[in-house]
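# Provided below for reference: sequence and predicted model.
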Amino acid sequence: MHDQCLILLDEVRENSNSSSIIIPLYMAYETEGGRPATKISDVNYLSKGTLMYPYMDLKVGTRVYVSPSAVSPHYQFFLDRDSLVLEFEGMILIPPTLIQAYFEHVRLPA
């Protein structure tokens, strides 16, 4: 991950009046025939999140805005690669060029 940024996106709350861009994400599932497929997830995430892995001068916990082009399933990061059907949990692994801005630093629980 030396040239990538691991970011945990903020999940949209049901009663949110946020004016942020909502990123539709893809969820993997198995068809009735057992073939893997994807569909747009019912869970939506905002285009902002928290840096989960240090990158250059950025520390873990730095809050960032990401580019809408981070929508691609190519950038979705899954912790469990052993399962055929994977559920996206809001983590993306993107190049730093897709980070648009840094807006605060929060201390993450240990």
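That came in fine, so what should we check first?
# following the helix or strand bottoming out on mean pLDDT in the chain, which helix or strand shows up next?
Lowest mean confidence among the helices and strands of the chain (mean pLDDT, DSSP states H and E): strand 22-23, at a mean of 60. Where DSSP states H and E defines the elements, the next helix or strand beyond strand 22-23 is strand 26-30.
# where in the protein is pLDDT low?
1, 13-25, 41-43, 71, 80-87, 108-110 (pLDDT under 70).
# residue at max distance from the center of it?
Distance from the centre of the chain peaks at residue 33, with 29.2 Å (CA atoms, centre = their mean).
# isn't there a strand covering residue 69?
No. Going by DSSP: H, G, I helix; E, B strand; the rest coil, the assignment for residue 69 is helix, not a strand.
# Contact partners for it?
residue 98 (CB atoms under 8 Å, 6 or more residues apart in numbering). Bear in mind the C-beta positions are built from the backbone N, C-alpha and C, glycine included.
# any idea which element residue 38 lies in?
Secondary structure (DSSP H and E) places residue 38 in strand 36-40.
# Give the pairing partners of that strand; include direction for each.
strand 26-30 (antiparallel) (DSSP bridges).
# Buried residues, the strand it pairs with. List them.
27-28 (16 or more other CB atoms under 10 Å).
# Extract the C-alpha trace of it and format it as PDB.
Taking C-alpha atoms only, strand 26-30 is exported to PDB below (Å, rounded to 0.1, in the frame of the first residue of the first chain):
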ATOM      1  CA  TYR A  26     -21.500  -2.300  -5.700                       C
ATOM      2  CA  MET A  27     -22.300  -5.400  -3.700                       C
ATOM      3  CA  ALA A  28     -21.200  -8.800  -4.700                       C
ATOM      4  CA  TYR A  29     -23.600 -11.700  -4.500                       C
ATOM      5  CA  GLU A  30     -24.200 -15.200  -5.900                       C
END
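# ok, the residue farthest from the centre of the chain to residue 98 distance?
35 Å (CB to CB, to the nearest Å).
# Fine by me, we can end here.
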